[in-house]
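*Asks:* structural data only, the sequence is not supplied:
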């Protein structure tokens with residue numbers, strides 16, 4: 001297990017709860033990029049697959065946690081998009 005990989009995932013992962021909270025509270029997609037979120041999630045999935053196939057260790061749980069948080073932010077993006085479309089229609 002690489003300490004540097006662990007630190008990287010902890011640092012990246014620390015930002016996602018803030019992003020999720022802001023997405024939830026703001027109820028808007030302003031400042032969000034769905035493409036960016038999808039690309040980041042694909043990166044985490046690639047990290048998970050690498051850990052499963054080539055270098056299994058406990059760091060995989062950080063990859064999984066981060067991927068789940070990004071996926072939650074993606075779901076909130078779609079929720080917020082629906083809210084925005086509903087407001088425009090009114």
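*Replies:* Right, received. Where do you want to start? The model shown is predicted, which means the values in this text are computed figures rather than measured ones. Numbers count the residues shown, from 1 in each chain.
*Asks:* and the closest residue to residue 58 other than its chain neighbours, what is it in contact with?
*Replies:* Using Cβ to Cβ, 6 or more residues apart in numbering and skipping residues adjacent in sequence, the residue nearest residue 58 is residue 1, 6.3 Å away. Backbone N, C-alpha and C define where each C-beta goes, glycine included. Residue 1 makes contacts with 57-59, as judged by Cβ atoms under 8 Å, 6 or more residues apart in numbering.
*Asks:* so residue 56, which of the three states?
*Replies:* For residue 56, the assignment made with DSSP: H, G, I helix; E, B strand; the rest coil gives coil.
*Asks:* how many residues are close by it?
*Replies:* Other residues within reach of residue 56, judged by other Cβ atoms under 10 Å, total 11.
*Asks:* ramachandran coordinates for it?
*Replies:* With angles defined as degrees, to the nearest 10, residue 56 sits at phi -70, psi 130.
*Asks:* equivalent analysis for residue 54, please.
*Replies:* Here the main-chain torsion angles of residue 54 (degrees, to the nearest 10) amount to phi -120, psi -30.
*Asks:* quick one, grab the pLDDT at it.
*Replies:* With respect to pLDDT, residue 54 scores 95.
*Asks:* tell me which residues touch it, please.
*Replies:* With contacts taken as Cβ under 8 Å, 6+ apart, residue 54 has no neighbouring residues.
*Asks:* ok, the residue nearest to residue 2 when sequence neighbours are not counted to residue 65 distance?
*Replies:* Distance criterion Cβ to Cβ, 6+ apart; nearest residue to residue 2, sequence neighbours excluded, is residue 59 at 7.3 Å. Separation of residue 59 from residue 65 (Cβ to Cβ, to the nearest Å) stands at 11 Å.
*Asks:* got it, and residue 18?
*Replies:* The value you get for residue 18 to residue 65, if Cβ to Cβ is used, is 15 Å.
*Asks:* tell me the gap between the host helix or strand of residue 39 and the middle of its chain.
*Replies:* Take DSSP states H and E as the rule and residue 39 turns out to sit in helix 34-53. Between the centre of helix 34-53 and the centre of its chain there are 9 Å (Cα atoms, centre = their mean, to the nearest Å).
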